[in-house]
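Peer 1: take this sequence and fold it.
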Amino acid sequence: MLFDELFESSFRNIPLVRVPFLNQSKDGNSTPRITLEHLFSSSQYVIFFLAESSQSTSSSSRTLELAGKLEEMVQKKNAAFTGEKTSSSPARIRRFFGIKKKKKVKENGSDSLSISVVLLETSNNQENVSNLAQPGWYQVGSKDLGTRSRLLRGLGFEVAPSIVVVEGNTRAVITTEARRLLHDDPIGQHFPWWPPSVENVLLNASVQRRDQSTKNLVKTAWKELPAKVRALFFGAYWCPPCRQWIKQLIPAYESLKKNGISLEIIFCSSDRSQEFYDEFTGMMPWMAFPFDPSHTVLLTRLFNISGIPSLILIDEENRVITRHGRQTLVDDPKGVHFPWGPRPIYELTELNVCRLRDEPSLILFTEGSQDDIQFSKTVLSQVARRLFLEKLDAEKKREIERKEKSDENGNGNSRSSTPQLKHSTSQEECSSVDSEAPIPALTDPLQVFFTGEDPICDHILEEILGLADAELPLICIVDALGGRLTVCPDPDVSDEVLTKFVDSYRMGKLCWTPLSDKSGRTVGGIPVDEIEKVLMGNSPSQNSIGTSKDATNT
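Peer 2: Numbers count the residues shown, from 1 in each chain. Predicted structure coming up:
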């Protein structure tokens, strides 16, 4: 779910603590505690700075520098908002004569600010990120891992540090790529960096393919593409993982086309010259947008692409089907699961491990024999189907609500209208007694996995979850973004046990164990180096689009 859809049920009462200025005491009324709803009601825009305290020294230094740049931009925008933009302003004259101007105060009694900033820790490391907090910023007061998980999910978190801009009035995410946009626009001239519209970026665009016999370019209008599913491949010749990806994608693409699957891959180039673009596209059997760096930037903003290589699947209405496009196509070269929407149940493999970040995941670990696999599919089928139907029903309701909201607003500026580990045994978090009401399916969805013979299953169980000594079969829920784990206490595996476990999850009655961070750099508690090891050593860099100097970060 998106941030605005979760706000009323999950976020409005989250406590915030304001970082005091140097001349203020750190206790008493000088550091007021307010709620997130209060902040949104008094701010035109709320910026979330998502940072990780357990990063390396060099990463921490870069994150601190980024925090400084954000604060500088925010100060300038807020100064302009209050009329203190120029040295010749009346405000400067009033200061010279010692005359103070009364601040405008809203009905709720808070100062009327243009932009507010909230600092949010992205890992479960018990250290804090207070050194990043600038005076006047806010920090999330809640230490609840579930709350943080929902916040990160609602904000579309990918990798730390990130900057997400949310509109105060609608609670809609405007952009998750503000880190890159701040780098390109440090003074915030185009803030809040509204994303471009589909009409401006795609509907009048064309794609091209080189005819193998004549070597001439054949162009096709985007709106005339016959493919039911379009795969947008963002990459560049200078990026080694991009060149590795096409070696995997070409046989999958050719196999899918041979099987009559209505798919087309379209290359979106971040190359620095027409020459490199021509050389790279010459290796590809699929279509490409013409070389145009400015158009690629618009595409990355439209679909919130944080780095390369990246391949997303979209449908005929330009809605995102999945962001795991490369894994999806390589894993299904015959198109058995076409058009590749959500499925009731997944097998945990090297290609599917990336899905653990999408939602909290119910996993049934077994020895992985063929009999175990068949047993897992059978015993999981009922609860998996129930959860899947809940998601489909919820999505239908969301589509209706989005359409109604879009018709009311009459514009497409909001993000919501755009296309879309060892654990520590020393600390445990149990759901609080004030969470007795069932957790709505919309708020905390569950995806279902079973394990087979893929070595990644043992690796995750033993090295990441720290359950090497656990007896199998074992049922657990892994919340990767929240960096937490809960294991079913019942040693039996049955539909009744699974149903009870899921219902306890929905009622908020489970005890969770934080996932530890032994690598120093995590994605929601799962060490990044472990994920990178599995996924060809690739972790998208937020600053790798359109600049060859970032090739080493790809």
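Peer 1: identify the residues contacting stretch 221-231?
Peer 2: 202-207, 261-266, 311-316, 321, 325, 329, 338-340 (CB atoms under 8 Å, 6 or more residues apart in numbering). Every residue, glycine included, has its C-beta placed from N, CA and C.
Peer 1: 10 Å - rerun?
Peer 2: Defining contact as CB atoms under 10 Å, 6 or more residues apart in numbering, one finds that stretch 221-231 is touched by 201-207, 220, 249, 253, 256, 261-267, 286-287, 289, 311-316, 318, 321-322, 325-326, 328-329, 335, 338-341.
Peer 1: show me just the buried residues among those residues.
Peer 2: The neighbour count (16 or more other CB atoms under 10 Å) marks 201-202, 205, 207, 249, 253, 256, 261-267, 286-287, 289, 311-315, 318, 321-322, 325-326, 328-329, 335, 338, 340 as buried among the contacts of stretch 221-231.
Peer 1: where strands are concerned, which of those count?
Peer 2: 207, 263-267, 287, 311-314, 321-322 (DSSP state E).
Peer 1: ok, so of the residues you listed, who is nearest Gly188?
Peer 2: Taking CB to CB as the measure, Gly188 lies nearest Ile312 of these, at 28.0 Å.
Peer 1: list the contacts of the closest one.
Peer 2: Neighbouring residues of Ile312 by CB under 10 Å, 6+ apart: 230-234, 268, 303-305, 320-326, 328, 419-420.
Peer 1: drop anything exposed from the residues you listed.
Peer 2: By 16+ other CB under 10 Å, the contacts of Ile312 give 230-234, 268, 303-305, 320-326, 328, 419-420 as buried.
Peer 1: now do the contacts for Glu316.
Peer 2: 223, 225-230, 262, 339.
Peer 1: where does this protein have low pLDDT?
Peer 2: 1, 22-32, 54-58, 82-113, 125-130, 406, 408-442, 516-554 (pLDDT under 70).
Peer 1: how about 50 then?
Peer 2: 28-29, 84-112, 412-418, 420-428, 431-437, 518-526, 528, 530-543, 547-554 (pLDDT under 50).
Peer 1: longest helix of it?
Peer 2: helix 370-409 (DSSP state H).
Peer 1: buried residues in that one, which are they?
Peer 2: Residues 372-373, 375-376, 379-380, 383-384, 386-388, 391, 394, 402 are the ones in helix 370-409 that count as buried (16+ other CB under 10 Å).
Peer 1: and for stretch 247-258?
Peer 2: Buried positions in stretch 247-258, judged by neighbour count with 16+ other CB under 10 Å: 249, 252-253, 256-257.
Peer 1: okay if I get these as JSON lines plus distance to Leu39?
Peer 2: Shown next, in JSON lines, are these (distance: CB to CB, whole Å):
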{"residue": "Leu249", "distance to Leu39": "44"}
{"residue": "Ala252", "distance to Leu39": "46"}
{"residue": "Tyr253", "distance to Leu39": "47"}
{"residue": "Leu256", "distance to Leu39": "48"}
{"residue": "Lys257", "distance to Leu39": "51"}
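Peer 1: nearest to Ser213, of those?
Peer 2: Lys257 (17.7 Å).
Peer 1: and the closest one, how close does it get to Glu347?
Peer 2: 25 Å (CB to CB, to the nearest Å).
Peer 1: the helix or strand containing Ser116 packs against which elements?
Peer 2: Here Ser116, judged by DSSP states H and E, is contained in strand 113-121. Secondary-structure packing of strand 113-121 (3 or more CB pairs under 10 Å, 6 or more residues apart in numbering; DSSP states H and E): strand 15-18, helix 36-41, strand 43-51, helix 57-81, strand 138-140, helix 145-154, strand 162-167.
Peer 1: adjacent strands (with direction) for the fifth one?
Peer 2: Translated: strand 138-140. Looking at strand 138-140 with DSSP bridges, its partner strands are strand 15-18 (antiparallel), strand 113-121 (parallel).
Peer 1: compute the inter-axis angle for the last one and helix 145-154.
Peer 2: This points to strand 113-121. Interaxial angle of strand 113-121 relative to helix 145-154 (axes from the mean of the first three to the mean of the last three CA atoms, to 10 degrees): 120 degrees.
Peer 1: got the angle between strand 113-121 and helix 57-81?
Peer 2: Using the same axes, to 10 degrees, strand 113-121 lies at 160 degrees relative to helix 57-81.
Peer 1: dump strand 113-121 to PDB, keeping only the CA atoms.
Peer 2: Extracted in PDB, the C-alpha atoms of strand 113-121 (Å, rounded to 0.1, in the frame of the first residue of the first chain):
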ATOM      1  CA  LEU A 113       6.000  25.900   7.900                       C
ATOM      2  CA  SER A 114       6.400  25.200   4.300                       C
ATOM      3  CA  ILE A 115       8.600  22.200   4.600                       C
ATOM      4  CA  SER A 116       9.300  19.900   7.600                       C
ATOM      5  CA  VAL A 117      11.800  17.000   7.700                       C
ATOM      6  CA  VAL A 118      11.500  13.700   9.500                       C
ATOM      7  CA  LEU A 119      14.600  11.500  10.100                       C
ATOM      8  CA  LEU A 120      13.800   7.800  10.100                       C
ATOM      9  CA  GLU A 121      16.300   5.000  11.000                       C
END
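Peer 1: quick one: contacts for the nearest residue to Leu36 once chain neighbours are set aside?
Peer 2: Nearest residue to Leu36, sequence neighbours excluded (CB to CB, 6 or more residues apart in numbering): Ile14, at 4.4 Å. Contacts for Ile14 (CB under 10 Å, 6+ apart) come out as 7, 34-37, 39, 118, 120, 140-142, 144, 147-148, 150-151.
Peer 1: likewise Pro342?
Peer 2: Pro342 neighbours (CB under 10 Å, 6+ apart): 321-322, 355, 358-359, 388, 391-392, 395, 445, 447.
Peer 1: would you turn the residues you listed into a markdown table with distance to Ile163?
Peer 2: Formatted as a markdown table, the contacts of Pro342 follow (distance: CB to CB, whole Å):
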| residue | distance to Ile163 |
| --- | --- |
| Ile321 | 27 |
| Thr322 | 25 |
| Arg355 | 25 |
| Asp358 | 21 |
| Glu359 | 23 |
| Phe388 | 34 |
| Lys391 | 29 |
| Leu392 | 33 |
| Glu395 | 28 |
| Pro445 | 26 |
| Gln447 | 28 |
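Peer 1: and those, which is closest to Glu463?
Peer 2: For the contacts of Pro342, the residue nearest Glu463 by CB to CB is Arg355; the value is 18.6 Å.
Peer 1: wait, isn't that closest one in contact with Ala480?
Peer 2: Yes - the pair Arg355 / Ala480 is scored as a contact, 9.5 Å apart, by CB atoms under 10 Å.
Peer 1: in terms of neighbours, single out the busier of the two.
Peer 2: The neighbour count for Arg355 versus Ala480, taken as other CB atoms under 10 Å, is higher for Ala480 (27 against 22).
Peer 1: host element of Thr486?
Peer 2: Mapping Thr486 onto the secondary structure by DSSP H and E places it in strand 484-487.
Peer 1: can you point out the buried residues in the next helix-or-strand element following that strand?
Peer 2: For strand 484-487, the following helix or strand on the C-terminal side (DSSP H and E) is helix 495-506. Residues of helix 495-506 classed as buried: 497-498, 501-502, 504-506 (neighbour count, 16+ other CB under 10 Å).
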